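Student: sequence first, then the predicted structure, then my questions.
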Amino acid sequence: AQTVTQSQPEMSVQEAETVTLSCTYDTSESDYYLFWYKQPPSRQMILVIRQEAYKQQNATENRFSVNFQKAAKSFSLKISDSQLGDAAMYFCAYRSAQGGSEKLVFGKGMKLTVNP
Amino acid sequence: DAGVTQSPTHLIKTRGQQVTLRCSPKSGHDTVSWYQQALGQGPQFIFQYYEEEERQRGNFPDRFSGHQFPNYSSELNVNALLLGDSALYLCASSLARMTAYNEQFFGPGTRLTVL
(Lines give C-alpha, C1' and ligand atoms only; values in the text may rest on other atoms or scores of the structure.)
Protein backbone atom coordinates (compact mmCIF):
# COMPACT_ATOMS: atom_id res chain seq x y z
CA ALA A 1 0.00 0.00 0.00
CA GLN A 2 1.12 3.53 -0.71
CA THR A 3 1.77 5.99 2.09
CA VAL A 4 2.37 9.73 2.18
CA THR A 5 4.21 11.43 5.04
CA GLN A 6 4.28 15.10 5.91
CA SER A 7 6.52 15.44 8.94
CA GLN A 8 6.08 19.17 9.59
CA PRO A 9 2.65 19.84 11.14
CA GLU A 10 3.04 23.62 11.03
CA MET A 11 5.14 26.28 9.36
CA SER A 12 5.09 30.04 9.16
CA VAL A 13 6.49 32.49 6.62
CA GLN A 14 6.67 36.23 6.25
CA GLU A 15 4.67 37.81 3.48
CA ALA A 16 6.71 38.09 0.24
CA GLU A 17 9.23 35.46 1.38
CA THR A 18 9.73 31.90 0.19
CA VAL A 19 8.75 28.74 2.03
CA THR A 20 9.26 25.06 1.26
CA LEU A 21 6.89 22.32 2.38
CA SER A 22 8.24 18.78 2.46
CA CYS A 23 6.61 15.45 1.66
CA THR A 24 7.86 11.90 1.30
CA TYR A 25 5.97 8.92 -0.02
CA ASP A 26 6.34 5.19 -0.34
CA THR A 27 5.26 3.09 -3.29
CA SER A 28 6.44 0.12 -5.30
CA GLU A 29 4.84 1.49 -8.47
CA SER A 30 6.80 3.26 -11.16
CA ASP A 31 3.99 5.26 -12.73
CA TYR A 32 1.97 7.62 -10.56
CA TYR A 33 0.93 11.20 -9.92
CA LEU A 34 1.79 13.45 -7.01
CA PHE A 35 -0.20 16.47 -5.93
CA TRP A 36 -0.22 19.37 -3.56
CA TYR A 37 -3.69 20.46 -2.41
CA LYS A 38 -4.59 23.55 -0.43
CA GLN A 39 -7.48 23.54 2.04
CA PRO A 40 -8.42 27.01 3.34
CA PRO A 41 -10.83 27.51 6.25
CA SER A 42 -13.68 27.27 3.74
CA ARG A 43 -12.79 23.53 3.69
CA GLN A 44 -12.80 23.15 -0.09
CA MET A 45 -9.78 21.21 -1.32
CA ILE A 46 -8.06 23.09 -4.14
CA LEU A 47 -5.44 21.59 -6.45
CA VAL A 48 -2.23 23.63 -6.34
CA ILE A 49 0.10 21.63 -8.55
CA ARG A 50 0.50 18.19 -10.10
CA GLN A 51 3.57 16.14 -11.05
CA GLU A 52 3.61 13.06 -13.28
CA ALA A 53 6.23 10.57 -12.11
CA TYR A 54 7.44 9.84 -15.65
CA LYS A 55 8.37 13.49 -16.17
CA GLN A 56 11.83 14.48 -15.02
CA GLN A 57 11.07 18.18 -15.26
CA ASN A 58 9.69 19.69 -12.08
CA ALA A 59 6.20 21.17 -12.37
CA THR A 60 5.67 24.92 -11.98
CA GLU A 61 2.47 26.95 -11.62
CA ASN A 62 3.13 30.67 -11.24
CA ARG A 63 4.52 31.15 -7.68
CA PHE A 64 4.33 27.42 -6.91
CA SER A 65 6.98 24.90 -7.92
CA VAL A 66 7.97 21.42 -6.85
CA ASN A 67 11.21 19.56 -6.30
CA PHE A 68 10.49 15.98 -7.33
CA GLN A 69 13.17 13.46 -6.41
CA LYS A 70 11.86 10.10 -7.63
CA ALA A 71 14.69 7.95 -6.32
CA ALA A 72 14.44 9.53 -2.88
CA LYS A 73 10.61 9.47 -3.03
CA SER A 74 10.54 13.09 -2.07
CA PHE A 75 8.15 15.77 -3.31
CA SER A 76 8.48 19.26 -1.86
CA LEU A 77 6.48 22.38 -2.65
CA LYS A 78 8.09 25.80 -2.87
CA ILE A 79 5.91 28.88 -2.54
CA SER A 80 7.62 32.06 -3.70
CA ASP A 81 6.54 35.60 -2.84
CA SER A 82 4.15 34.29 -0.18
CA GLN A 83 0.81 36.07 0.07
CA LEU A 84 -1.69 36.29 2.92
CA GLY A 85 -4.09 34.23 0.82
CA ASP A 86 -1.64 31.33 0.83
CA ALA A 87 -2.43 30.67 4.49
CA ALA A 88 -4.14 27.28 4.64
CA MET A 89 -3.67 23.58 5.29
CA TYR A 90 -1.53 21.96 2.60
CA PHE A 91 -1.83 18.31 1.76
CA CYS A 92 0.51 16.17 -0.28
CA ALA A 93 -1.25 13.37 -2.15
CA TYR A 94 -0.42 10.31 -4.26
CA ARG A 95 -2.41 8.65 -7.00
CA SER A 96 -1.56 5.52 -8.93
CA ALA A 97 -1.49 5.83 -12.71
CA GLN A 98 -2.29 2.14 -13.13
CA GLY A 99 -5.65 0.51 -13.73
CA GLY A 100 -7.58 3.75 -14.04
CA SER A 101 -7.57 4.30 -10.27
CA GLU A 102 -8.56 7.76 -9.10
CA LYS A 103 -8.02 7.04 -5.42
CA LEU A 104 -5.99 9.76 -3.74
CA VAL A 105 -3.79 8.90 -0.76
CA PHE A 106 -3.22 11.98 1.38
CA GLY A 107 -0.67 12.93 3.99
CA LYS A 108 -1.76 14.37 7.34
CA GLY A 109 -1.33 17.90 6.15
CA MET A 110 0.63 20.95 7.22
CA LYS A 111 -0.73 24.27 8.45
CA LEU A 112 0.91 27.26 6.78
CA THR A 113 0.68 30.66 8.45
CA VAL A 114 1.62 33.80 6.51
CA ASN A 115 2.63 36.74 8.68
CA PRO A 116 2.14 40.31 7.37
CA ASP B 1 -20.78 26.60 -14.23
CA ALA B 2 -21.64 25.12 -10.85
CA GLY B 3 -18.88 23.27 -9.13
CA VAL B 4 -19.31 20.29 -6.84
CA THR B 5 -22.07 20.86 -4.30
CA GLN B 6 -22.78 18.95 -1.13
CA SER B 7 -25.68 18.91 1.32
CA PRO B 8 -26.20 19.42 4.12
CA THR B 9 -23.36 21.67 5.27
CA HIS B 10 -23.52 20.48 8.85
CA LEU B 11 -25.26 17.57 10.51
CA ILE B 12 -25.57 16.35 14.08
CA LYS B 13 -26.61 12.77 14.84
CA THR B 14 -26.51 10.43 17.81
CA ARG B 15 -24.81 7.07 18.08
CA GLY B 16 -26.65 4.25 16.37
CA GLN B 17 -28.51 6.49 13.96
CA GLN B 18 -28.22 6.44 10.18
CA VAL B 19 -27.21 9.37 7.97
CA THR B 20 -27.36 10.21 4.26
CA LEU B 21 -25.07 12.78 2.67
CA ARG B 22 -25.57 14.10 -0.85
CA CYS B 23 -23.28 15.25 -3.63
CA SER B 24 -23.89 16.82 -7.02
CA PRO B 25 -20.89 16.61 -9.33
CA LYS B 26 -19.48 19.42 -11.39
CA SER B 27 -21.35 19.92 -14.65
CA GLY B 28 -20.20 17.38 -17.24
CA HIS B 29 -18.62 15.02 -14.71
CA ASP B 30 -19.72 11.40 -14.39
CA THR B 31 -17.55 9.99 -11.59
CA VAL B 32 -17.93 10.67 -7.88
CA SER B 33 -15.54 9.80 -5.06
CA TRP B 34 -16.12 10.15 -1.32
CA TYR B 35 -13.52 10.88 1.34
CA GLN B 36 -13.62 11.03 5.14
CA GLN B 37 -11.45 13.68 6.81
CA ALA B 38 -11.17 13.32 10.57
CA LEU B 39 -10.10 16.37 12.56
CA GLY B 40 -6.40 17.07 12.10
CA GLN B 41 -5.98 14.36 9.46
CA GLY B 42 -5.81 14.10 5.70
CA PRO B 43 -8.80 12.80 3.76
CA GLN B 44 -9.20 9.03 3.47
CA PHE B 45 -10.77 7.43 0.40
CA ILE B 46 -14.09 5.70 1.08
CA PHE B 47 -15.25 4.68 -2.41
CA GLN B 48 -15.84 5.80 -5.97
CA TYR B 49 -18.92 5.52 -8.16
CA TYR B 50 -19.05 5.40 -11.94
CA GLU B 51 -21.97 4.40 -14.14
CA GLU B 52 -24.05 3.87 -11.00
CA GLU B 53 -21.71 1.20 -9.68
CA GLU B 54 -19.07 1.16 -6.97
CA ARG B 55 -15.81 0.99 -8.89
CA GLN B 56 -13.25 1.15 -6.11
CA ARG B 57 -13.43 0.97 -2.33
CA GLY B 58 -11.12 1.98 0.47
CA ASN B 59 -10.70 0.35 3.86
CA PHE B 60 -14.11 1.20 5.33
CA PRO B 61 -16.66 -1.18 6.87
CA ASP B 62 -19.92 -2.18 5.20
CA ARG B 63 -21.72 0.39 7.36
CA PHE B 64 -20.57 2.84 4.70
CA SER B 65 -22.53 2.45 1.49
CA GLY B 66 -23.29 4.62 -1.46
CA HIS B 67 -25.37 5.14 -4.52
CA GLN B 68 -25.07 6.98 -7.79
CA PHE B 69 -28.12 8.16 -9.70
CA PRO B 70 -28.60 8.38 -13.48
CA ASN B 71 -27.91 12.14 -13.30
CA TYR B 72 -24.49 11.27 -11.74
CA SER B 73 -25.32 12.70 -8.32
CA SER B 74 -24.40 10.50 -5.40
CA GLU B 75 -25.32 9.66 -1.84
CA LEU B 76 -23.18 8.38 1.00
CA ASN B 77 -25.02 6.40 3.67
CA VAL B 78 -23.60 5.52 7.05
CA ASN B 79 -25.48 3.10 9.31
CA ALA B 80 -25.13 2.48 13.04
CA LEU B 81 -23.17 5.67 13.60
CA LEU B 82 -20.20 5.60 15.95
CA LEU B 83 -18.52 8.52 17.69
CA GLY B 84 -15.52 7.89 15.45
CA ASP B 85 -17.58 8.65 12.36
CA SER B 86 -17.50 12.33 13.28
CA ALA B 87 -15.60 13.96 10.43
CA LEU B 88 -15.74 16.16 7.38
CA TYR B 89 -17.03 14.16 4.43
CA LEU B 90 -15.74 15.35 1.08
CA CYS B 91 -17.10 14.56 -2.33
CA ALA B 92 -14.96 14.83 -5.47
CA SER B 93 -16.05 14.55 -9.08
CA SER B 94 -14.25 13.91 -12.35
CA LEU B 95 -14.87 12.93 -15.95
CA ALA B 96 -13.82 9.35 -16.63
CA ARG B 97 -11.49 8.86 -19.53
CA MET B 98 -9.85 5.73 -20.83
CA THR B 99 -6.52 7.48 -21.10
CA ALA B 100 -4.80 10.55 -19.73
CA TYR B 101 -5.14 12.23 -16.41
CA ASN B 102 -8.54 13.48 -15.24
CA GLU B 103 -8.61 16.03 -12.47
CA GLN B 104 -10.84 15.63 -9.45
CA PHE B 105 -12.74 18.65 -8.18
CA PHE B 106 -13.77 18.74 -4.53
CA GLY B 107 -16.90 20.03 -2.87
CA PRO B 108 -16.94 22.03 0.37
CA GLY B 109 -17.82 18.99 2.44
CA THR B 110 -20.42 18.01 5.02
CA ARG B 111 -19.39 18.27 8.67
CA LEU B 112 -20.92 15.31 10.56
CA THR B 113 -20.93 15.31 14.35
CA VAL B 114 -21.96 12.15 16.18
CA LEU B 115 -22.94 12.60 19.83
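Tutor: Looks like it arrived, so ask away.
Student: quote the end-to-end distance of stretch A:87-107.
Tutor: Stretch A:87-107 has an end-to-end distance of 18 Å (Cα to Cα, to the nearest Å).
Student: okay, buried residues for that stretch please.
Tutor: Buried residues in stretch A:87-107, counting neighbours by 16 or more other Cβ atoms under 10 Å in any protein chain shown, are found at A:87-96, A:102-107. (C-beta placed from N, C-alpha, C; glycine too.)
Student: now, among those, which is nearest to chain B?
Tutor: For the buried residues of stretch A:87-107, the residue nearest chain B by Cβ to the nearest Cβ is A:Phe106; the value is 3.2 Å.
Student: what pLDDT does that closest one get?
Tutor: Per-residue pLDDT puts A:Phe106 at 98.
Student: now for the buried residues of stretch A:87-107: which two are most distant?
Tutor: Across those, no pair lies farther apart than A:Ala87 and A:Ser96, at 31.1 Å, counting by Cβ to Cβ.
Student: so which residues of chain B form strands?
Tutor: For chain B, strands defined by DSSP state E occupy the ranges B:5-7, B:10-13, B:19-24, B:31-37, B:44-50, B:53-57, B:64-68, B:74-78, B:87-94, B:105-106, B:110-114.
Student: export the ones you listed to TSV and tack on mean pLDDT and mean neighbour count?
Tutor: Formatted as TSV, the strands of chain B follow (pLDDT from 0 to 100; neighbours: other Cβ atoms under 10 Å in any protein chain shown):
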stretch	mean pLDDT	mean neighbour count
strand B:5-7	97	16
strand B:10-13	97	13
strand B:19-24	98	20
strand B:31-37	97	25
strand B:44-50	96	22
strand B:53-57	93	14
strand B:64-68	97	18
strand B:74-78	98	21
strand B:87-94	96	24
strand B:105-106	95	21
strand B:110-114	98	18
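Student: nearest to chain A, out of those strands?
Tutor: That would be, of the strands of chain B and by Cβ to the nearest Cβ, strand B:105-106, which comes in at 3.8 Å.
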